[in-house]
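*Asks:* okay, here's the prediction I keep looking at, along with the sequence it came from:
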Amino acid sequence: MDIDLLKTFVEVVRTRHFGKAAENLYITQSAVSFRIRQLEQGLGVNLFIRQRNNIQLTAPGERLLPHAQMIITGMQRAKVDVALADNMHKQISLAGTPNIWDAFLQFGITNIVSAMPGVSLVAEVKAQQESTRLLLERTLDLAILFDPPKVDELVVERICELPIIPVSGYDTATNENFFDNQYVYVDWGTTFSLWHARQFTGKTPPYFRTSTGRIALDLILQCGGSAFIPQVLVEGHLEKGELFHVKDVENTSRDVFIAYHRDNEQKELIETLVNLLSQMTPSLSLKKSK
């Protein structure tokens, strides 16, 4: 089966629009329509219900989607494996959510690369659900997450605790006005959301929401405001007096987990990578105890 037909199918599903899919694939809309017809004819089914400004998957289309995604991902992985440089004999892939990269992975990725000579490392930013799917499909070796997936096929281990503290751009911030001065809500995962809802019921709603700690940090540095940010991200700004730790607002923390497939054939490499990630934790714990 032509991989381009599957890529076109997945893009139409994602955009729900033939024209937008064509733009994203850098082909004409008629080419998108032709590819979808070819795929439907090859499979002997209709994949979409076509209505004006409303494209929906048929039942066969729904069933094809996960297979198409797995084939595309597998082909991408195969291309990378085949194209390994002469001095690289193995490859391992890891993924983290944007917040995991901001608050944890970025501080140790260079050590990981230098400690694994001869290994080609593929490091990507992925949403939690996509990481879990790729782990199950065995096209991703390791995922680093805040919320551990509860799937029998996956091994999940806690590797560290990440302190998250309330900070503000105003030295006058207190528990009384922390949420009133341009509070930025950062989505640090399900556990944080539940804790936040319990602790701060009735407080002023945030004026800005984001799923990325880096965006929140840049915003309050430029425009003022307050947010819950990992201590490791704000330590330098606190020392310079650019931000202030609001100590009468309760601190919190997030556990960081790694997940991998039980039957992954690269367990030795995964164990090495897990050990390297775990070695990143003393600096975080040291900062927490200050």
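*Replies:* Structure's in. What do you need? Residues are numbered from 1 along each chain as shown.
*Asks:* what residue spans form the domains of the protein?
*Replies:* Split into domains by the TED database, the chain comes to 3-65, 91-160+255-279, 162-254.
*Asks:* avg pLDDT for the second one?
*Replies:* Read it as domain 91-160+255-279. Taken as a whole, domain 91-160+255-279 has an average pLDDT of 87.
*Asks:* just give the closest residue to Lys7, not the sequence neighbours.
*Replies:* Ile72 (6.0 Å; Cβ to Cβ, 6 or more residues apart in numbering). Just so you know, the C-beta spots here come from the backbone N, C-alpha and C atoms, and that holds for glycine as well.
*Asks:* picking that back up, now tabulate the domains of the chain in TSV and tack on mean neighbour count and distance to Gln76.
*Replies:* Formatted as TSV, those follow (neighbours: other Cβ atoms under 10 Å; distance: least, Cβ to Cβ, whole Å):
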stretch	mean neighbour count	distance to Gln76
domain 3-65	16	10
domain 91-160+255-279	18	8
domain 162-254	17	25
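*Asks:* could I get those as JSON lines with distance to Ala78?
*Replies:* Shown next, in JSON lines, are the domains of the chain (distance: least, Cβ to Cβ, whole Å):
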{"stretch": "domain 3-65", "distance to Ala78": "11"}
{"stretch": "domain 91-160+255-279", "distance to Ala78": "10"}
{"stretch": "domain 162-254", "distance to Ala78": "31"}
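*Asks:* on that earlier part again, how far is the helix or strand where the residue nearest to Lys7 lies from where the chain is centred?
*Replies:* Ile72 belongs to helix 59-82 when assigned by DSSP states H and E. Centre-to-centre, helix 59-82 and its host chain are 20 Å apart (Cα atoms, centre = their mean, to the nearest Å).
*Asks:* who's in contact with stretch 55-74?
*Replies:* 1, 3, 6-7, 9-10, 12-13, 16-18, 43, 45-49, 133-134, 137, 139 (Cβ atoms under 8 Å, 6 or more residues apart in numbering).
*Asks:* which ones among those map onto helices?
*Replies:* Counting by DSSP state H, the part of the contacts of stretch 55-74 found in helices is Ile3, Leu6, Lys7, Phe9, Val10, Val12, Val13, Phe18, Leu43, Arg133, Leu134, Glu137.
*Asks:* flag the least confident of those residues.
*Replies:* Comparing the ones in helices among the contacts of stretch 55-74 by pLDDT, Glu137 comes last, at 79.
*Asks:* mind checking the SS state of the closest residue in space to Asp2 that isn't next to it in sequence?
*Replies:* Among residues not flanking Asp2 along the chain, Gln38 sits closest, at 7.6 Å (Cβ to Cβ, 6+ apart). Following DSSP: H, G, I helix; E, B strand; the rest coil, the label given to Gln38 is helix.
*Asks:* my read: Gln38 touches Thr8, true?
*Replies:* No. Using Cβ atoms under 8 Å, Gln38 makes no contact with Thr8, being 9.2 Å away.
*Asks:* which parts of this protein are strands?
*Replies:* Per DSSP state E, the chain carries strands over the ranges 48-51, 54-57, 90-96, 119-125, 142-145, 154-168, 183-186, 208-210, 226-230, 244-245, 252-261.
*Asks:* what sits against the closest residue to Thr8 other than its chain neighbours?
*Replies:* Counting by Cβ to Cβ, 6+ apart, the nearest residue to Thr8 once its immediate chain neighbours are dropped is Arg35, at 4.3 Å. Arg35 makes contact with Asp4, Leu5, Thr8, Phe9, according to Cβ under 8 Å, 6+ apart.
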